[in-house]
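**Q** Here is my input, please return the structure:
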Amino acid sequence: MKPELTGPDGRVVVRRWTRHPRCVALARADLRNVLAGWGSIAVEEVALLVLSELITNAVRHARVPGRQIETRYLHQGDKVRVEVHDAADQLPKLRTPTPESAHGRGLVLVETLADQWGVTPRPAVGKAVWAVFALPADERISLPDGECREGQS
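**A** Model (predicted):
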């Protein structure tokens with residue numbers, strides 16, 4: 001893991017990882033700590049599983065020499081967003097695996113567990129695959145600028 005970049009209000013955490021299978025467990029431990037710090041433990045289990053799938057996909061499929069994987073965790077008032085950025089332009093595809101399939105279930109899990117998910121091309125190279133998890137009312141925070149989020153009055 002490279003040095004962290006954290007937003008001034010602590011609601012955006014950015015990490016960079018080598019493209020190696022061991023970074024999956026390290027990123028999970030990191031996200032667990034971030035969610036605990038935000039008091040967002042209600043989404044911990046699903047967020048960790050989804051992060052595992054997204055970062056595993058980046059490790060396996062984003063084979064761009066010399067490029068790292070980046071994770072971003074964003075606390076957005078009434079939700080938490082988890083992003084995995086990589087330098088590969090190939091977009092992930094949601095598949096319907098057969099019972100005999102050894103692979104191809106990751107995005108099915110993401111689709112099932114996340115409240116929203118998607119892929120956003122990056123301006124220069126690569127993409128960000130992201131997932132959003134709604135927080136229960138007792139774990140939401142109000143934003144400093146008074147901005148209302150979907151589901152808030």
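
**Q** and the one residue sitting closest to the centre of the chain, backbone torsions?
**A** In the chain, the residue lying closest to the centroid (CA atoms, centre = their mean) is residue 82, at 2.6 Å. Torsion angles at residue 82 (phi, psi; degrees, to the nearest 10) stand at phi -120, psi 130.

**Q** contacting residues around it?
**A** When contacts are counted by CB atoms under 8 Å, 6 or more residues apart in numbering, residue 82 touches 31, 47, 50-51, 54, 71-74, 130-133. From N, CA and C alone the C-beta is placed, and that goes for glycine too.

**Q** can you give me the helices in this structure?
**A** Taking DSSP state H as the test, the helices found in the chain are 22-38, 44-61, 106-113.

**Q** and the last one with helix 44-61, angle?
**A** Interaxial angle of helix 106-113 relative to helix 44-61 (axes from the mean of the first three to the mean of the last three CA atoms, to 10 degrees): 160 degrees.

**Q** roughly how far apart are the residue lying closest to residue 107 once chain neighbours are set aside and residue 39?
**A** Spatial nearest neighbour of residue 107, chain neighbours left out: residue 94 (4.6 Å); criterion: CB to CB, 6 or more residues apart in numbering. Computed as CB to CB, to the nearest Å, the residue 94 to residue 39 distance reads 32 Å.

**Q** Neighbours of the closest residue to residue 53 other than its chain neighbours, how many?
**A** Take residue 53 and drop its neighbours on the chain: the residue closest to it by CB to CB, 6+ apart is residue 106, 3.9 Å away. The tally of other residues near residue 106 (other CB atoms under 10 Å) stands at 20.

**Q** so residue 106 sits right up against residue 56, yeah?
**A** Yes. Residue 106 is in contact with residue 56 according to CB atoms under 8 Å; the separation is 6.7 Å.

**Q** got the buried residues for stretch 30-45?
**A** 30, 31, 32, 34, 35, 38, 40, 42, 43, 44 (16 or more other CB atoms under 10 Å).

**Q** can you pull out the strands in the protein?
**A** Ranges of strands within the chain are 5-6, 12-17, 69-75, 79-86, 116-121, 127-134, based on DSSP state E.
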